[in-house]
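S.K.: show me how the following folds:
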Amino acid sequence: RAPRASSSITPSQHRPPVLASDRLLLWSTPAGQDWQSTLEDKYPNSSLFRLFQVMVRSLDTNTRSNYGVGLLRYTQFCDSINIPESERMPAAEVLLSQFAAAFAGSTSEKTLNNWLAGLQFWHVINGAQWHGAQFLHHTRRGFSKMVPPSSRRAKRPPVTIDALCILHDHLDLTDPFDVAVCAIALVSFWCCCR
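M.R.: Presented below is the predicted three-dimensional model:
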């Protein structure tokens, strides 16, 4: 299928058009390709292929897709400020911080955390050092204070013993399903209270 307009990137041999869940493994940079060539000189291709397949499978499919979206957004950001391929990985901490700052006020903190975790995993799988330290830490702290109100959920009231009593009173304890609901509610409540 054709990519969406919001998914457009500068064409590159390092970024073939693949599903978001496959980007972590199939998108690379000159530094990543150099590292892979070094590995291929030392180890059999079949062994390396298996290694990378196992590493990627350490992530659920949805997580790989979310990380792949982060990789897309990072690539689009690098394209927008004309970062050469050779400087995208290993990414300088100031580049990672600029990437995070670019989405401040328009993206949720959870989304940014997923994107950065995906970038970090992408660095790992490409043998590149991750430079996310103090500069990025403080950028993320500032980012969290700029999250748009539409991305925040109001805190829900706590579950109380009175609420459990109301639940209990409205269940039919001769019905096995209702007994299971009551048991799960009570066990969950008391486990959280321990």
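S.K.: and for stretch 100-117, what's in contact with it?
M.R.: With C-beta atoms under 8 Å, 6 or more residues apart in numbering as the test, stretch 100-117 has contacts from 63, 66-67, 69-71, 73-74, 77, 96, 132, 136, 139-140, 142-144, 146-148, 151-152. The way it works is simple: take the backbone N, C-alpha and C, and place the C-beta from them, glycine included.
S.K.: would you mark the buried spots in stretch 160-178?
M.R.: By neighbour count with 16 or more other C-beta atoms under 10 Å, stretch 160-178 contains the buried residues Leu164, Leu167, Leu171.
S.K.: next, count neighbours for Asp60.
M.R.: 10 (other C-beta atoms under 10 Å).
S.K.: residue contacts, it?
M.R.: Counting by C-beta under 8 Å, 6+ apart, Asp60 makes contact with nothing.
S.K.: pLDDT wise, what is it at?
M.R.: pLDDT recorded at Asp60 is 92.
S.K.: same check, this time on Arg156
M.R.: For Arg156, the predicted pLDDT is 81.
S.K.: what's the answer for Arg152, then?
M.R.: So, for Arg152, pLDDT stands at 67.
S.K.: ditto for Arg1
M.R.: 56.
S.K.: use 597 as the first number for this chain going forward.
M.R.: Sure, I'll start numbering at 597, so the last one becomes Arg597.
S.K.: what residue is smack in the middle of this structure?
M.R.: Asn710 (2.5 Å; C-alpha atoms, centre = their mean).
S.K.: tell me which element that one falls in.
M.R.: helix 705-721 (DSSP states H and E).
S.K.: hang on, the earlier thing: and the contacts of stretch 696-713, which are buried?
M.R.: 659, 662-663, 665-667, 669-670, 673, 692, 728, 732, 735-736, 739, 743.
S.K.: look at the residue of the chain positioned farthest from its centre and give its secondary structure.
M.R.: Within the chain, Thr770 marks the point farthest from the mean C-alpha position, 45.1 Å out by C-alpha atoms, centre = their mean. Secondary structure, DSSP: H, G, I helix; E, B strand; the rest coil: Thr770 is coil.
S.K.: flag the shaky bits of this structure, pLDDT-wise.
M.R.: 597-601, 746-748, 790 (pLDDT under 70).
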